[in-house]
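1. Predicted model and sequence follow; I will ask about them next.
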There are 2 protein chains.
Amino acid sequence: MEQKGILMVLSGFSGAGKGTLVKALLKKYGNYALSISMTTRAPREGEQNGVEYFFTDKKHFEETIKQNGLIEYAPYCGNYYGTPRAYVEEQMAAGKNVILEIELQGALKIKEKFPESLLIFVTPPSAEELRRRLEKRGTESPEVIARRLARAAEESEGVEAYDYIVVNDDLDVCVEEIHRLVEAARRAPVRQREFINEIRKELKSFVKGVE
Amino acid sequence: MEQKGILMVLSGFSGAGKGTLVKALLKKYGNYALSISMTTRAPREGEQNGVEYFFTDKKHFEETIKQNGLIEYAPYCGNYYGTPRAYVEEQMAAGKNVILEIELQGALKIKEKFPESLLIFVTPPSAEELRRRLEKRGTESPEVIARRLARAAEESEGVEAYDYIVVNDDLDVCVEEIHRLVEAARRAPVRQREFINEIRKELKSFVKGVE
């Protein structure tokens, strides 16, 4: 069966622990790669080019769009954000599952363009636990927490678009589960096109052979 | 998350080893149950009522249909075949994954009626291997083998309707893979409706709470 990597989207509520999950996934298994988005927004303090984002200007971003160099992009708050194509394609060809950490709108675009992509949504075990985690950080005002919860309520309306919903209760368990889901996803027909075509062709040749 | 059993359909080419797989799955894991079909055809030599099929007459079968006692049924070669509802529902409520060993047409009916059902298609590693297995049995004439291969060629056109395609190369590996696919399938949104509704309700109550 095919061993090309899977293009996977990881979304989830703010506070679900996506960032930590991605790091743990990259550390534990050798066959994952994290896609880094390109943006025209200015780097914040401490952000490094090529780590959090590839920072660039509007002119270069629009040239990249024209050259079909992004697999998806969207404007957001006056800036562009997009996923560079070359890295994704190279890594997938090398058998790596490429993780895009993007939100619902981007996820839907990816699924439309790449039906064989895999969309995973990460959630805490309950809304109550989500609130607890946001409060525990201690860095955010009640207003910010309220806004994040309101945002989560909105986001929860889109979860049916995802292939899988994963509960992040215990980090290690969750990392292993995501890995198993990615392996399972390889067995979906949409990711076995070559194998299916091969077996069909061969079966047809047998039938012709006896006619 | 929900622990109700999953309604699963196991289909596959004749010669793919479905029967052996089902037996091994039932033996290895405690949370599977095999649904036994009801039929109006006469038992063949060696077949026992309640083992291969529940054998009954046309009158009783049609009464069962009227009483909504079958989750799917179809006439085939002048006889009825159907899946009794009571056993399936009892076993699923008890947390067992219920296996229906039926073909594409039945599988499609099941998926339509039960979107949360899981369709798995079993195939040998190649068409060549399928032919080898059919020939190796030594019990069938070249004509019968040719007919089965022609049938497999037809069946191969329907595999996109399945959730997963599983290669049965090594029995133990395949049994474990099917089990993992069933576990993975629990994480699909269609099988997490209660959890999703619960988290949505809770998130909305938080948002209302701060308005």
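-> Structure's in. What do you need?

2. What count of nearby residues applies to residue A:143?
-> The number of residues packed around residue A:143, counting by other C-beta atoms under 10 Å in any protein chain shown, is 9. Where you see a C-beta, it was placed from the backbone N, CA and C, and this is true even at glycine.

3. after the helix or strand harbouring it, next one along is what?
-> Secondary-structure element containing residue A:143, defined by DSSP states H and E: helix A:142-155. For helix A:142-155, the following helix or strand on the C-terminal side (DSSP H and E) is strand A:164-167.

4. The helix or strand following that following strand near chain B anywhere?
-> As assigned by DSSP H and E, the chain's next helix or strand after strand A:164-167 is helix A:171-185. Yes: Helix A:171-185 is in contact with chain B by C-beta under 8 Å from any C-beta of the partner chain, via A:177, A:180, A:181, A:183, A:184, A:185.

5. Show me which residues of helix A:171-185 are buried.
-> A:174, A:175, A:177, A:178, A:179, A:181, A:182, A:183, A:184, A:185 (16 or more other C-beta atoms under 10 Å in any protein chain shown).

6. Tell me the helices and strands packed up against the helix holding residue A:143.
-> helix A:127-136, helix B:193-210 (3 or more C-beta pairs under 8 Å, 6 or more residues apart in numbering or on different chains; DSSP states H and E).

7. repeat that with 10 Å
-> For helix A:142-155, the elements it packs on are strand A:7-12, strand A:118-123, helix A:127-136, helix B:193-210, judged by 3 or more C-beta pairs under 10 Å, 6 or more residues apart in numbering or on different chains; DSSP states H and E.

8. Quick check: can you list the domain ranges of chain A?
-> Chain A resolves into domains spanning A:1-31+A:97-211, A:35-94 when parsed by automatic domain parsing.

9. low pLDDT regions in chain A?
-> Chain A contains residues with pLDDT under 70 at A:1-2, A:210-211.

10. quick one, what contacts the most centrally placed residue in it?
-> The residue lying closest to the centre of chain A (C-alpha atoms, centre = their mean) is residue A:9, at 1.7 Å. Contact partners of residue A:9, counting by C-beta atoms under 10 Å, 6 or more residues apart in numbering or on different chains, are A:35, A:72, A:83, A:98-104, A:106-111, A:114, A:117-121, A:161-163.

11. 6 Å - rerun?
-> By C-beta atoms under 6 Å, 6 or more residues apart in numbering or on different chains, the contact set of residue A:9 is A:100, A:102, A:107, A:110, A:119.

12. Skip the chain neighbours and tell me the closest residue to the fourth one.
-> Excluding its sequence neighbours, the residue lying closest to residue A:110 (C-beta to C-beta, 6 or more residues apart in numbering or on different chains) is residue A:117, at 5.1 Å.

13. ok, the one you found - how many residues close by?
-> Neighbours of residue A:117 (other C-beta under 10 Å): 21.

14. Next one: the residue nearest to the centre of chain A from residue A:176, what distance?
-> Residue A:9 sits 19 Å away from residue A:176 when distances are taken as C-beta to C-beta, to the nearest Å.

15. residues from chain A in reach of chain B?
-> Contact residues (C-beta under 6 Å from any C-beta of the partner chain) of chain A with chain B: A:127, A:146, A:149-150, A:152-153, A:156, A:159-160, A:164-165, A:181, A:184, A:187-189, A:192, A:196, A:199-200, A:202-204, A:206-207, A:210.

16. Can you tell me which of these are buried?
-> Applying a neighbour-count criterion of 16+ other C-beta under 10 Å, the buried members of the residues of chain A next to chain B are A:127, A:146, A:149-150, A:152-153, A:156, A:159, A:164-165, A:181, A:184, A:187-189, A:192, A:196, A:199-200, A:202-203, A:206-207.

17. which other residues reach stretch A:62-73?
-> A:80, A:82, A:83, A:85, A:88, A:106, A:109, A:110.

18. Return the set of buried residues in it.
-> For stretch A:62-73, by 16+ other C-beta under 10 Å, it's A:64, A:69, A:70, A:71, A:72, A:73.

19. Nearest residue to the third one in space, please, no chain neighbours.
-> Nearest residue to residue A:70, sequence neighbours excluded (C-beta to C-beta, 6+ apart): residue A:82, at 4.0 Å.

20. measure that neighbour to residue A:60 for me?
-> On the measure of C-beta to C-beta, residue A:82 and residue A:60 end up 11 Å apart.

21. Among the two, which residue is more densely surrounded?
-> Using other C-beta under 10 Å as the criterion, residue A:82 and residue A:60 rank with residue A:82 on top: 23 against 13.

22. can you confirm that one is in a helix?
-> No: under DSSP: H, G, I helix; E, B strand; the rest coil, residue A:82 falls outside any helix and is assigned strand.

23. Might one say that it is in contact with residue A:38?
-> Yes: assessed by C-beta atoms under 6 Å, residue A:82 is found in contact with residue A:38 at 5.1 Å.

24. quick one on the thing from earlier: output the buried residues of stretch A:62-73 as CSV; include the columns secondary structure.
-> Converted to CSV, those look like this (three-state DSSP):
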residue, secondary structure
A:64, helix
A:69, coil
A:70, strand
A:71, strand
A:72, strand
A:73, strand
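
25. for these, which one is nearest residue A:135?
-> Comparing the buried residues of stretch A:62-73 against residue A:135 with C-beta to C-beta places residue A:72 closest, at 33.5 Å.

26. any idea how far residue A:100 is from that closest one?
-> 8 Å.

27. now swap in residue A:167 and tell me
-> Residue A:167 is 21 Å from residue A:100, by C-beta to C-beta.

28. What of residue A:126?
-> 26 Å.

29. Repeat that for residue A:53.
-> Counting by C-beta to C-beta, the gap from residue A:53 to residue A:100 is 13 Å.

30. More neighbours: which of these two?
-> For residue A:53 versus residue A:100, the count of surrounding residues by other C-beta under 10 Å is larger for residue A:100: 22 against 18.

31. Report the contact partners of the more buried one.
-> Contacts of residue A:100 were listed using C-beta under 6 Å, 6+ apart, and they are A:9, A:35, A:83.

32. Apply 7 Å and report the result again.
-> Applying C-beta atoms under 7 Å, 6 or more residues apart in numbering or on different chains to residue A:100 gives the contacts A:9, A:35, A:83, A:110.

33. Good, we can wrap up now.
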